[in-house]
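K.L.:
Here is my input, please return the structure:
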Amino acid sequence: MKTSPDTLIIFLSVSIFLILLFIIIIISLPRLLMRKGNLKKAEKNDMNIVIDAFHTLGNEIKSLKEQLVIKERLAALGEVSAGIAHEFRNPMAVIAGHVRLLLKNLDQGDSRREIVHGILSEIEEMNRIMEEFLKFSRAEPIDKVDIDITKTIKAVISEMGDEGERIEFPFNDAIMAKGDEILLRQVIKNLIRNALDAGDRVWIDIENGLSLNKEGVFISVRDNGKGIPEEDLKKVFMPF
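P.N.:
So this is what the prediction gives:
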C-alpha cells in the first residue's frame, strides 16, 4: 500500500509538532514546578496580577459607564432646560413686576410691606435657582473666587430661620478657600435640608486640608437620623 506525498507531509508535520510540544513541556516542567511552589510564598504572583488587572479594568469600565450615563442625562437635561426656563421666566417676570408695583404703592408704615418683600424675595430666589440649574446642566465653567467658608455657612444657617436652632456650628475663625460661592451656598443648603429632614440635630464641621496634608477645605454635615439605605448609597452623587 503506497502512501501519498500529501499524507506523508501531514504525518511528518504532526510528528514534528508533537515532538516540539514534548520538548517545550520537558524544558518548562521544572520551571512550572518551581513556580507552583513559589505561588504559595509570593505575596503577589502572576495570577494575582492578572486578576487585579481584570478587576481594575472592570472597575474602570463600570466608572466610565456611570460617567456616560450622567453625561447623557445632563445632555438631555440641557436640551429641555432652556425651554423650561423660557416658560417660567416670562410669568415670573410679570409677577415680579406687579409685586414691585404693589410695594411701591404701599406706605412706608404699612405692615403689609414685609409680606410683599417676602414674596419678592422668593421670586428672586426662584430666578436664581433657575439660573444655577441652567448653569449646572450646561456644565459652564465655575467662577472661582476667595470664599470665607465660615461666613458662608453661617449665612446659610441664618436663612434657615427657626430650623437653624437645630444646627450646631461652633466655628468663628475665617477659613478661606477658592470656589464658586453661589454653588457652595446651594450645596451646603441642600445638605443641611437633607440632614434636618433625616434627624433632629445637625452638626457641621470644617477642617483645613493642611492639617491632613491635603489641599482644600473639608466640610462635613452630620445628623442623628437612621442613615441612607444601602441601596441608595450608590446614587448619592447621581445628579437629578
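
K.L.:
what's whichever strand or helix holds Leu191 in contact with?
P.N.:
Assignment of secondary structure by DSSP states H and E places Leu191 within helix 181-198. Contact partners of helix 181-198, identified using Cβ atoms under 8 Å, 6 or more residues apart in numbering, comprise 128-129, 132, 136, 142-143, 145, 147, 149, 152-153, 155-157, 159-160, 163, 166-167, 202, 204, 219, 221-223, 225-227. C-beta here means a position set from N, CA and C on the backbone, and glycine is covered the same way.

K.L.:
just the helices in the protein please.
P.N.:
Here the chain has its helices, by DSSP state H, at 5-39, 46-105, 112-137, 149-159, 181-198.

K.L.:
By mean pLDDT, show me the worst of those helices.
P.N.:
Between the helices of the chain, the one with the least mean pLDDT is helix 5-39; it has a mean of 52.

K.L.:
Let me see the contact set for the closest residue to Glu124 other than its chain neighbours.
P.N.:
Computed as Cβ to Cβ, 6 or more residues apart in numbering, the closest residue to Glu124 that is not its neighbour in sequence is Ala96, at 7.5 Å. For Ala96, the contact set (Cβ under 8 Å, 6+ apart) comprises 120, 123-124, 127.

K.L.:
Let me have those in TSV, adding distance to Ser111 and neighbour count as columns.
P.N.:
Below are those laid out as TSV (distance: Cβ to Cβ, whole Å; neighbours: other Cβ atoms under 10 Å):
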residue	distance to Ser111	neighbour count
Leu120	16	16
Ile123	20	16
Glu124	22	12
Asn127	26	16
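
K.L.:
circling back: please check the contacts of helix 181-198 and keep the buried ones.
P.N.:
Applying 16 or more other Cβ atoms under 10 Å to those, the neighbour count classes 136, 147, 149, 152-153, 156-157, 160, 166-167, 202, 204, 219, 221, 223 as buried.
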